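> have a look at this prediction, sequence included:
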Amino acid sequence: MSNMLGFKLYLIIVELIILLNCIPTSALELINDKFVYENFQDEERDVFLHNRFSKGFAWGVATSAYQIEGGWNEDGKGPSIWDTFVHENDNIYGGHTGDVACDSYNKVSEDISMLKELGVGFYRFSISWSRLLPDGTLRHPANDKGLQYYHKLIDALIEANIEPVVTLFHFDMPQALQDIGGFDNKQTIQHFQFFADFCFREYGEKVKYWITFNEPYTYVMFGHHYGMLPPKIRKPLQYSYDIAHNIILAHARIWKRYHSKYGKDQQGFVGMAFTTMWAEPMRKGVDSDIIASNLYMYNTIGWFGHPVYHGDYPEEMKEYISKHTNITLPKFLPEEREQLLTRSCDFFGVNHYMSVTAKEREAEIPNVLFDPITVHTQYDDSWEVREGFYTIVPWGIRRALQWVDHHYNRPLVFVTENGLPSIGDDSLFDDEDRVKYLTSYIDETLKAQIIDGVDVRGYFVWSLMDNFEWTHGYNMKFGLYHVNFTNPNRARVPRKSAKVYAQIIQDNGFPSKLREDL
């Protein structure tokens, strides 16, 4: 009997050794710590949760067309506003362009191999509007080679048992349509609806998840008010609110079109990916700061979220704009509110990269965010901030998820983007900071699901690989995979974070392995 006990104990020890060697060291260290970050050790808020996500949780990664595809003028593709923007002087760090980017237009098999290596079940990418319709319209035949590229990608994903999640607009307006006013022109809105219908018809039998717009807040404000991104327009805020109104109605009409024409047969979902920041009241328990925090959330998330869930802009936002600005907020018609907008979003996509603290606005104090009309925002001194924008505040994503859950009547939620940048050639492969970041943010998402009851169905890392990171060019890197942009082959190599994320996917969270196996 003692010999048998000794043998069983030996087998347990051997199994543990094998198990420990299978988990990346950094992940093993983190899941056995009570806290991940030294500056966040609140016993009620920050204790690491060991548990699994619900069965069928959607693990994925995200990219966008302009940032990875390259082939900017290959095979009949028309120019987008990003093609124009990057070829102008001084718009992009180092004069970089997305002309080649990761060359994903010619590297479908390499991209699929990375996805399979990670073990993801979902891949979010966008379709380049001007690759399919060079001038953005259906006045001319669609570009067949562009059509076949996306068929090839989607078919390869399905063959690998990976669900495609397709974004229809990820900032890359066809230049021909911007030349007539972009989304300020009702014709462009109509052309976008035709483009969406075309994609549903062409790919809808194979694609079940659609995102109409990626971060419309970012596109509207940074492209049409601050002029920092294309189409590089600097106009008063009234212009941004008018364009946002058109975008919201376009989304709702596309949602309705899908469900009236294709939904019964294709059985898919149409949502939106929202800029989802968190604003923490600057002073705990101070009513004016709590009001300021909520006002900030209403004027960013609620600007686009409330219309597609409740049929109109937030009352708090309308009241503030009416009393404190000279802006005339556009109004939705009664039939638009009742028959078109309300509940016109099958899922809420959370793009989360930052948190701020908020208090009542003081005119003389500048904000850390570009928000000229609502509240005063700043970063807490204890927070780490990357590139003046990307904060490391893990509990911020949980608070944001709670806010969405509460204000939109427990919607189906996906974290459609979340990630941490590094700059230059730092941490090329041993990206321990990204490992800590992803581990902690995923765990906070787990808390939102398990403890708070948020119906969060999936999590997508930004990004699968290093890519053209907008005005930062190739100097800012988010990738689980390193890409060598000086190599014509654009070689992809996994970082430590890729291996850790693959382990988290395999475990479906953070089970207490040692305790379970014993």
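Noted; the coordinates are in hand.

> state the helix or strand in which the nearest residue in space to Arg434 that is not next to it in sequence lies.
Spatially, and ignoring its direct neighbours in sequence, Arg434 is nearest to Ser497 (4.3 Å; CB to CB, 6 or more residues apart in numbering). Just so you know, the C-beta spots here come from the backbone N, C-alpha and C atoms, and that holds for glycine as well. For Ser497, the host element (DSSP states H and E) is helix 496-507.

> now do that helix: distance to the chain's middle.
Centroid displacement of helix 496-507 relative to its chain, using CA atoms, centre = their mean, to the nearest Å, is 19 Å.

> again with stretch 324-338
27 Å.

> all helices for the stretch 301-450 of the chain, in order.
Taking DSSP state H, counting those that start in this stretch as the test, the helices found in the stretch 301-450 of the chain are 303-310, 315-324, 334-336, 395-407, 432-450.

> and the helix or strand just after the longest one with helix 432-450, angle?
This points to helix 432-450. Heading C-terminal from helix 432-450, the first helix or strand you meet, by DSSP H and E, is strand 456-462. Orientation note: strand 456-462 sits at an angle of 170 degrees relative to helix 432-450 (axes from the mean of the first three to the mean of the last three CA atoms, to 10 degrees).

> show me what the helix or strand that comes right after strand 456-462 is packed against.
With elements assigned by DSSP H and E, the helix or strand that comes after strand 456-462 is strand 476-477. Counting contacts by 3 or more CB pairs under 8 Å, 6 or more residues apart in numbering; DSSP states H and E, strand 476-477 packs against strand 422-423.

> now the residue most central in space within the chain, which residues is it bridged with?
Residue closest to the average C-alpha location in the chain (CA atoms, centre = their mean): Glu417, at 2.7 Å. Beta-bridge partners recorded for Glu417 (DSSP bridges): Asn351.

> still on that earlier bit, among the helices of the stretch 301-450 of the chain, which gets the worst mean confidence?
Mean pLDDT is lowest for helix 315-324 among the helices of the stretch 301-450 of the chain, at a mean of 91.

> what sits up against that helix?
Residues from elsewhere that reach helix 315-324, judged by CB atoms under 8 Å, 6 or more residues apart in numbering: 294-295, 298-299, 302-303, 306, 327, 329, 373-374.

> pLDDT-wise, what's the bottom of these?
Ile373 (62).

> so where's this structure shaky on pLDDT?
Applying pLDDT under 70 to the chain flags residues 1-32, 362-374, 425-427, 513-518.

> picking up where we left off before, other SSEs contacting the helix holding Ser497?
By 3+ CB pairs under 8 Å, 6+ apart, helix 496-507 packs against helix 25-31, helix 108-118, helix 432-450.

> a markdown table for these, including distance to Leu49?
Shown next, in a markdown table, are the helices and strands packed on helix 496-507 (distance: least, CB to CB, whole Å):
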| stretch | distance to Leu49 |
| --- | --- |
| helix 25-31 | 10 |
| helix 108-118 | 23 |
| helix 432-450 | 5 |
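
> out of the ones you listed, which one sits most buried?
helix 432-450 (a mean of 23; mean count of other CB atoms under 10 Å).

> quick one, helices of the stretch 151-300 of the chain?
Using DSSP H, counting those that start in this stretch, helices in the stretch 151-300 of the chain cover 175-178, 186-203, 216-224, 237-257, 263-266, 287-297.

> make a markdown table from those and add distance to Gln339 and mean neighbour count to it.
Converted to a markdown table, the helices of the stretch 151-300 of the chain look like this (distance: least, CB to CB, whole Å; neighbours: other CB atoms under 10 Å):
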| stretch | distance to Gln339 | mean neighbour count |
| --- | --- | --- |
| helix 175-178 | 27 | 22 |
| helix 186-203 | 16 | 19 |
| helix 216-224 | 22 | 23 |
| helix 237-257 | 8 | 21 |
| helix 263-266 | 16 | 14 |
| helix 287-297 | 27 | 20 |
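
> out of the contacts of helix 315-324, which are buried?
The neighbour count (16 or more other CB atoms under 10 Å) marks 294-295, 298-299, 302-303, 306, 327, 329, 374 as buried among the contacts of helix 315-324.

> tell me which two of the residues you listed sit farthest apart.
The span of those, defined through CB to CB, is set by Asn294 and Ile327 at 19.6 Å.

> orientation of the helix holding Ser497 relative to helix 108-118 in degrees?
60 degrees.

> buried sites along helix 496-507?
496-505.

> tell me the contacts of Asn467?
63-64, 67-68, 101-102, 478-479, 483.

> can you check those residues and name whichever has the most neighbours?
Ranked by neighbour count (other CB atoms under 10 Å), those have Gly479 at the top, with 30 neighbours.

> I'd like to know how far Asp90 sits from Thr325.
32 Å (CB to CB, to the nearest Å).

> please say which of these two ends up with more neighbours.
Thr325 (15 against 6).

> right, and the more buried one touches Gln238 too?
No: Thr325 is beyond contact range of Gln238, at 9.0 Å (criterion: CB atoms under 8 Å).

> related to what we said a few turns ago, max pairwise distance over the contacts of Asn467: which two?
Ser64 and Val483 (14.8 Å).

> doesn't Glu44 lie inside a helix?
No: applying DSSP: H, G, I helix; E, B strand; the rest coil, one finds Glu44 to be coil, outside a helix.

> so what's the residue count around it?
5.

> before we move on, the earlier item: could I get the contacts of helix 315-324 as CSV with distance to Leu118?
Output for the contacts of helix 315-324, formatted as CSV (distance: CB to CB, whole Å):
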residue, distance to Leu118
Asn294, 37
Leu295, 39
Tyr298, 37
Asn299, 36
Gly302, 34
Trp303, 34
His306, 35
Ile327, 45
Leu329, 43
Ile373, 42
Thr374, 39
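
> returning to what we had before: figure out which of the helices of the stretch 151-300 of the chain is closest to Lys447.
helix 287-297 (19.5 Å).

> on that earlier part again, out of the helices of the stretch 151-300 of the chain, nearest to Thr342?
Per CB to CB, nearest to Thr342 of the helices of the stretch 151-300 of the chain: helix 237-257, 8.9 Å.

> so what does the closest one touch, helix or strand wise?
Helix 237-257 packs on helix 186-203, strand 209-214, helix 216-224, strand 269-275, helix 303-310, going by 3+ CB pairs under 8 Å, 6+ apart.

> quick check, nearest of the contacts of Asn467 to Lys116?
The closest of these, once distances to Lys116 are taken by CB to CB, is Thr63, at 15.5 Å.

> next up, the contacts around the closest one.
Residues in contact with Thr63 (CB under 8 Å, 6+ apart) are 104, 123-126, 463-465, 467.

> at 10 Å instead, please
69, 101-102, 104, 111, 123-126, 167, 170, 460, 462-465, 467, 478-479 (CB atoms under 10 Å, 6 or more residues apart in numbering).

> repeat for Gly76
So Gly76 contacts 130-132, 134, 141-146 (CB under 10 Å, 6+ apart).

> dump the residues you listed into CSV; add secondary structure and neighbour count as well.
Shown next, in CSV, are the contacts of Gly76 (DSSP: H, G, I helix; E, B strand; the rest coil; neighbours: other CB atoms under 10 Å):
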residue, secondary structure, neighbour count
Ser130, helix, 28
Arg131, helix, 28
Leu132, helix, 25
Pro134, coil, 20
Pro141, coil, 9
Ala142, coil, 16
Asn143, coil, 19
Asp144, helix, 11
Lys145, helix, 15
Gly146, helix, 24
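
> turn the residues you listed into JSON lines, columns for distance to Glu215.
Converted to JSON lines, the contacts of Gly76 look like this (distance: CB to CB, whole Å):
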{"residue": "Ser130", "distance to Glu215": "19"}
{"residue": "Arg131", "distance to Glu215": "21"}
{"residue": "Leu132", "distance to Glu215": "21"}
{"residue": "Pro134", "distance to Glu215": "25"}
{"residue": "Pro141", "distance to Glu215": "31"}
{"residue": "Ala142", "distance to Glu215": "26"}
{"residue": "Asn143", "distance to Glu215": "26"}
{"residue": "Asp144", "distance to Glu215": "31"}
{"residue": "Lys145", "distance to Glu215": "29"}
{"residue": "Gly146", "distance to Glu215": "24"}
